[in-house]
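1. Model the following, please.
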Amino acid sequence: MSIPRVIHYCWFGRNPLPEDALRCIDSWRRHMPDCEIREWNEENFDVHMLPYTAEAYRLGKYAFVSDVARLWILYHHGGIYFDTDVEVVAPLDDILQRGAFMAQEAPDPSSGKATADVALGLGMACEAGSPLVGEMLNAYRSKHLVSWSGRLGDAIVATTAPIIESHKPVKEGDAWRCEEFTIYPPEVFCPLNYFTGALDITPETRTIHHYKASWVYKEHSIAAKLKRRLRGIAARLASINTKNTKK
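-> As a prediction, the model looks like this:
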């Protein structure tokens, strides 16, 4: 078996794709012309499948819906996944021939961390039925995006990183090996440093993640925080009602 030559991406919210997303998708076509490109949205993905996705969708936090959707898509269908702010700058044929992959982004220099985080939206690929992807997907079954106070939960790294670490990745040259996945260093899939803005493209660079950061909450006023809290309560109640309806 091999990784299906299908590039998946998610676009929830029913708005037209912006120009920068269209340019990124066009770069996939140019550098990977033999790949089918498949959009996942409200029509072909059940955004209410879990309380987490139902809450995220109700709040309009579509990046959090995508966090779960990409795992579900790859587990059930296999293939390649990119967020819509990922530009492909060189073919990935040799990487795909080596098998399943994930990617790392550079850590915050001020954090003192020496090891980069694995960020699934940068790009990942696998065959259908990957046990590691299935384990990550299962971790969301008991999670909620929002607390009763309306506070958003942690980003996906907080959920997936402990699972990856529990499998004890092994260093292989500049990359890491975790189960069937090769985890590539930042210069391959993420040469743009989110924290410093530095762009370090090397001969190994295949993609650039442009960090649209649609998961970031930008509401800081007292009124906005109160509105967020009310939305959080409504989202939790709606997810409970959805879950009860499905029983």
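2. Mind pulling the model confidence for the closest residue to F181 other than its chain neighbours?
-> Leaving aside its sequence neighbours, F181 sits nearest to A100 (CB to CB, 6 or more residues apart in numbering; 4.6 Å). C-beta coordinates here come from the backbone N, C-alpha and C atoms, glycine included. Looking at A100, its pLDDT stands at 98.
3. Equivalent analysis for the one 10 residues further on, please.
-> Turning to S110, the model gives it a pLDDT of 73.
4. Next up, the contacts around it.
-> Contact partners of S110, counting by CB atoms under 8 Å, 6 or more residues apart in numbering, are F195.
5. how about it, secondary structure?
-> What DSSP: H, G, I helix; E, B strand; the rest coil gives for S110 is helix.
6. do you know how far the residue nearest to F181 is from Y140?
-> Computed as CB to CB, to the nearest Å, the A100 to Y140 distance reads 20 Å.
7. rewinding a little: report how many residues lie close to the residue nearest to F181.
-> A100 has 22 neighbouring residues, counting by other CB atoms under 10 Å.
8. what's it sitting at in phi/psi?
-> A100 has phi and psi values of phi -60, psi 150 when expressed as degrees, to the nearest 10.
9. buried ones in stretch 125-132?
-> 125-127, 130, 132 (16 or more other CB atoms under 10 Å).
10. And for stretch 199-211?
-> The neighbour-count check on stretch 199-211 (16+ other CB under 10 Å) flags 205-211 as buried.
11. hmm, which two among the residues you listed are most spread apart?
-> Spatial extent of the buried residues of stretch 199-211 (CB to CB) is set by the pair R206 and Y211 at 16.7 Å.
12. hmm, back to that, format the buried residues of stretch 125-132 as TSV; extra columns: secondary structure, distance to L22 and pLDDT.
-> Shown next, in TSV, are the buried residues of stretch 125-132 (DSSP: H, G, I helix; E, B strand; the rest coil; distance: CB to CB, whole Å; pLDDT from 0 to 100):
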residue	secondary structure	distance to L22	pLDDT
A125	strand	22	98
C126	strand	26	98
E127	coil	29	98
S130	coil	30	98
L132	helix	32	98
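13. Farthest-apart pair in these, please.
-> A125 and L132 (12.5 Å).
14. which neighbours do these two share?
-> By CB under 8 Å, 6+ apart, A125 and L132 have no common neighbours.
15. show me where pLDDT drops low in this structure?
-> Across the chain, the ranges flagged by pLDDT under 70 are 112-115, 149-150, 213-247.
16. center of it - which residue?
-> Geometric centre of the chain, nearest residue: G121, 3.1 Å, by CA atoms, centre = their mean.
17. where does that residue fall, phi/psi-wise?
-> Dihedral angles (degrees, to the nearest 10) for G121: phi -70, psi -20.
18. and it, what is it in contact with?
-> 63, 66-67, 70, 82-83, 86, 156, 209.
19. Turn those residues into CSV, including secondary structure.
-> What follows is the contacts of G121, written out as CSV (three-state DSSP):
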residue, secondary structure
A63, helix
S66, helix
D67, helix
R70, helix
F82, coil
D83, coil
V86, strand
I156, helix
H209, strand
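20. what's the nearest residue to D67 if we skip its chain neighbours?
-> Spatial nearest neighbour of D67, excluding adjacent residues (CB to CB, 6+ apart): I156 at 4.3 Å.
21. right, and E204 touches C190 too?
-> No. With contact defined as CB atoms under 8 Å, E204 does not reach C190; the gap is 11.7 Å.
22. follow-up on the earlier one: and the residue nearest to F181, how close does it get to E180?
-> Using CB to CB, A100 is found at 5 Å from E180.
23. so what sits against both of these two?
-> Common neighbours of A100 and E180 (CB under 8 Å, 6+ apart) are 126, 130.
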